[in-house]
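Visitor: Show me the folded form of this:
(one chain, ligands or ions: 1)
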Amino acid sequence: MAIFVNESQRLFHLQTAASSYIFQILADGSAGQLYYGPRLPQQTSYPNLTIREERDATSALSEEMPDFQRELLKQEYSGPGRGDYRPRAFQLTYPNGSTTSEFEYQGYQITPGKDRLTDLPASFGDPATATTLTVTFKDRGHDLFLTLTYAVFPTSNVITRSTRLSNQGPTVTIDQVASAQLDLPDADYDLLSFPGSWARERHLNRHAIQPGTQTVASSRMASSHQENPFVILARPQTDNHQGAAIGCNLIYSGSFATSITVDQFATSRLLTGINPADFRWQLRSGTSFQTPEAVFTYTSDGLNALSQQLTDFYRDHLTNQHFARAPRPVLINNWEATLMNFTEQELMPLVKQAAQVGIELFVLDDGWFGHRNDDRSSLGDWFTNQPKFLNGIGGFAHRVHQAGLQFGLWLEPEMISLDSDLYQHHPDWLVQTPGRQLTTARHQYVLDLTQPAVGDYLFETISAIIQDTHLDYLKWDMNRNLTAPYSPTLPADRQGEFAHRYLLGVYRLYDRLTKAFPDLLIESCASGGGRFDLGMLYYAPQAWCSDDTDAIERLRIQDGSSYGYPLSSWGAHVSAVPNDQVGRLTPLATRAAVAYFGDFGYELDLNQLPASELAAIQDQVKFYKQYRQLFQQGRFYRLDRPQPDPNVYAWEVVNADRTQAIAARFQILNEPNPPYLRIYLTGLDPERYYQVNDDPTTYSGAELIHAGYAVPRIMDRTAQPKPLSDFHANLFVITAID
Ligand code: DGJ
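Guide: You can find the predicted model right below:
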């Protein structure tokens, strides 16, 4: 049993293996938050958590209850107009124009398992792994109901939350509606967030939270390169290996806002949900609005443990179960090799060479359709670019399959070019606001996915391609953010619904395609990592995490991504040097070592490489296949003991029974006459003995953890010719001795 309810105290205690989440219905019928932290014993009440003292200059619930001052109480889901002046979780406008709500507790329901949501990506769980609590409140003056849903996943140490508003009365406007609010009793936290930009996504940013509000948000109608919905609140002393932290993410791919407010009494409030800046919803009689779901996890054991809890949870309770544990194919993508300049004849040698080095999947990127030879045309015309493929795209796919490879294709379903047949036939499908300028990005425009006909057209044309090519893999790209949101099919008072409805249209299309083609592996993409989030992960088990394929830039990108997402959720490719994005020259071995920590692949012209590099690539593919399960499904650790060094990244993956591990140590710049280098391993069994690479000595797990393993110096000065010594990688294959 994961949820305990004391009905007389109206107290709810949600317990996971290592955490407790407690709230209680307060005197006014609203819910007050009491505790989120390490697991507490089951008690009938928690007087220590409900102490109230009266303070000056603060409004109270009533004359009779002067100490019931909302500003001083931790709340579960707080609205405006009732004396809690901190940022609100929701705001509704009623028919008389007022915005004050009074929701009173009505009752609760506990159901075994966790159901998916109907129109939104969401977590799921069977009765053995999850229990769901719904708590319902009724508006005192209206036939309007607020339901807070909590799902408890005890062994995952995860609690999810979402909110639903259901209206039986006259229309109310939802001005904002968060998925969850979490009030914490103090402000002694660092906020870890993952900001970035195109080609440098999800760089870890950590700072102490300050009085006032700090917000991590996107109003791009995509979760964005610039911010990511995942945040961590960690105690200042918490590091990768120890300490307390709360992780919070949102299963949503559109405009979101997560804010942390430190108030006058040094308490903290976290709010997460759809960004109110891009949202307004008319809640008509007889309708409901369901928010996206938020995911919370708590750990006392450091940030590696926090990441592991979350990644296990996503594998078991979010990702498409068809692919969650399936080995992801080693792929080659032609984008950086050819851009859009290719024909079937020119591609076939690459296909054949890929098969020879052991690659499993050939992905044909942008430029295969319509009359597309540059980025000015053809988006929406999802039929063969005939001069490039004389036997049609199906004919080319057949040749790829005959060469022994799986076949993958790039599409950008949500987009339209002005120079396209689709635009000629359906100019009204392009998103634009009447009387306003058309804003362009990469010469392309967005399709109005709030219109069911648009979704139907895409479903039918994409299905036909999948069938024609016997497609194994689809790269679903999205290269621009929406501007001037408007749909001619929505009345004036519903235009505020456009951004969310657009995303519901995207999700619906994903849902239809994944159901119709359950064996199709989808990799999401948005100019790299512009929509790298849990909403996408629900449908697409992997994502192209950045257009930046430089190994050194990828260290920071993949390290940042690893805090909140599993290694199996991102593609990582070896590309040519000098690197396309930064012009950097890195050794082939380093490029591969970085890309092993993800869904491994290549993105270069194999036929331009010398025989020695082709041979090395053949070995890399073999190595990755041998350890693929470990890289894609192993327990991942960021290693930075005894102290973090900005010149060094070190990562490790360990299998479930701790018999096999691989660690990598990446040093960005070489140092002259360096101190002895060591790598401190973790996650091994201290009692067992291990061999490291082909070192004949065996080492106890305890020694490798506590004393580390000696790393050979990067460059022997006497070596001739002098090796390239910056951007160095060491790999350690650690195998338990029977
Ligand atoms: C952006 C993607 O991130 C790239 O990998 C590539 O697919 C291009 N789009 C193609 O236009």
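Visitor: show me what contacts I174?
Guide: Contact analysis of I174 by CB atoms under 8 Å, 6 or more residues apart in numbering lists F90, Q91, L92, L165, F279, R280, W281, Q282, L283, F289. Backbone N, C-alpha and C define where each C-beta goes, glycine included.
Visitor: no wait, R86
Guide: E71, S78, T261, D263, R269.
Visitor: what about the nearest residue to the fourth one once chain neighbours are set aside, distance to the ligand?
Guide: Read it as D263. Spatial nearest neighbour of D263, excluding adjacent residues (CB to CB, 6 or more residues apart in numbering): R86 at 5.4 Å. To the ligand, R86 is 40 Å away according to CB to the nearest ligand atom, to the nearest Å.
Visitor: How far off centre is stretch 82-101?
Guide: Distance, stretch centre to chain centre, for stretch 82-101: 31 Å (CA atoms, centre = their mean, to the nearest Å).
Visitor: got the buried residues for it?
Guide: Across stretch 82-101, burial judged by 16 or more other CB atoms under 10 Å covers 82-84, 86-92, 94, 99, 101.
Visitor: Next: stretch 156-175.
Guide: Within stretch 156-175, the residues that count as buried by 16+ other CB under 10 Å are 156-167, 169, 172-175.
Visitor: Angles on the backbone of the residue of the stretch 1-150 of the chain found nearest the ligand, please.
Guide: Nearest residue of the stretch 1-150 of the chain to the ligand, counting by CB to the nearest ligand atom: P121, 21.4 Å away. Per-residue torsions, P121: phi -60, psi 140 (degrees, to the nearest 10).
Visitor: which stretches of the stretch 401-550 of the chain have low pLDDT?
Guide: Along the stretch 401-550 of the chain, the model assigns pLDDT under 70 to no residue.
Visitor: Helices of that one, residue ranges please.
Guide: 421-425, 452-469, 498-516, 534-539 (DSSP state H, counting those that start in this stretch).
Visitor: Save the ones you listed as TSV, and put in mean neighbour count too.
Guide: Shown next, in TSV, are the helices of the stretch 401-550 of the chain (neighbours: other CB atoms under 10 Å):
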stretch	mean neighbour count
helix 421-425	16
helix 452-469	17
helix 498-516	20
helix 534-539	26
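Visitor: which stretch among these comes nearest P642?
Guide: Between P642 and the helices of the stretch 401-550 of the chain, the shortest gap by CB to CB is with helix 534-539, which sits at 33.7 Å.
Visitor: Helix, strand, or coil at L630?
Guide: helix (DSSP: H, G, I helix; E, B strand; the rest coil).
Visitor: pLDDT score for it?
Guide: pLDDT recorded at L630 is 98.
Visitor: Return the distance of it relative to D493.
Guide: Separation of L630 from D493 (CB to CB, to the nearest Å): 55 Å.
Visitor: Could you do I714 as well?
Guide: On the measure of CB to CB, I714 and D493 end up 65 Å apart.
Visitor: Give me the more crowded residue out of those two.
Guide: The residue with more neighbours, out of I714 and D493, is I714; 18 against 11, by other CB atoms under 10 Å.
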